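Colleague: quick one: sequence and predicted model below, then my questions.
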Amino acid sequence: MVLFLATTMQGQISVSINIPAPPRWGPPVLPAVNFYFLPDVDAYYDIRSHMFIYYSGSAWVHRASLPPRYKDYDLYRGHKVIMNDYRGSTPYKNYKEHKMKYSNSYHGEEQKSHGEKQGKGNSHNDKGNKGGDKGHGNGKNK
């Protein structure tokens, strides 16, 4: 009877690992990757917190969507740099280096996104853009 209960209890133990999925507009990444750099809009995207990080006023801020000046920016078509060589929580500490290294690095076909485009927004969940879908990821939406 004790052996039966021990076997039953072992069968009920489960392990849950929560690995954040990239946003639908983002390219697939390895579990160790935490950030994208978005050179077209001078921002980062934190995959784990689902927040954009950009400079506003005098500080780097974390927000659910890009600033209003990028309301028409198309995240599906814009260039995303997978920050697979960065470990830490403040990628913007290397912003000048990232800007110089990646601003002109994209000259090929569009990147494959993790999911299908559903909305027209620039937030992590494709909501919030009522201005249309005019952005082309070319940095001219500023």
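Modeller: Structure received. Just so it is clear, the structure is predicted and the values come from calculations on it, not from any experiment.
Colleague: tell me which element residue 95 falls in.
Modeller: Here residue 95 sits within helix 95-102, counting by DSSP states H and E.
Colleague: can you give me the buried ones in that helix?
Modeller: Residues 95, 98, 102 are the ones in helix 95-102 that count as buried (16 or more other CB atoms under 10 Å). All C-beta atoms are positioned from the backbone trio N, CA, C, and that covers glycine.
Colleague: just the C-alpha atoms of it, please, in PDB.
Modeller: Extracted C-alpha coordinates of helix 95-102, given in PDB (Å, rounded to 0.1, in the frame of the first residue of the first chain):
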ATOM      1  CA  TYR A  95      23.300  52.200 -26.800                       C
ATOM      2  CA  LYS A  96      26.000  54.300 -28.600                       C
ATOM      3  CA  GLU A  97      27.800  51.100 -29.600                       C
ATOM      4  CA  HIS A  98      24.600  49.300 -30.700                       C
ATOM      5  CA  LYS A  99      23.500  52.400 -32.700                       C
ATOM      6  CA  MET A 100      26.800  52.600 -34.500                       C
ATOM      7  CA  LYS A 101      27.000  48.800 -35.100                       C
ATOM      8  CA  TYR A 102      23.400  48.100 -36.100                       C
END
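Colleague: quick one: contacts of that helix?
Modeller: Residues outside helix 95-102 that contact it (CB atoms under 8 Å, 6 or more residues apart in numbering) are 37, 39, 42, 55, 79, 81, 91.
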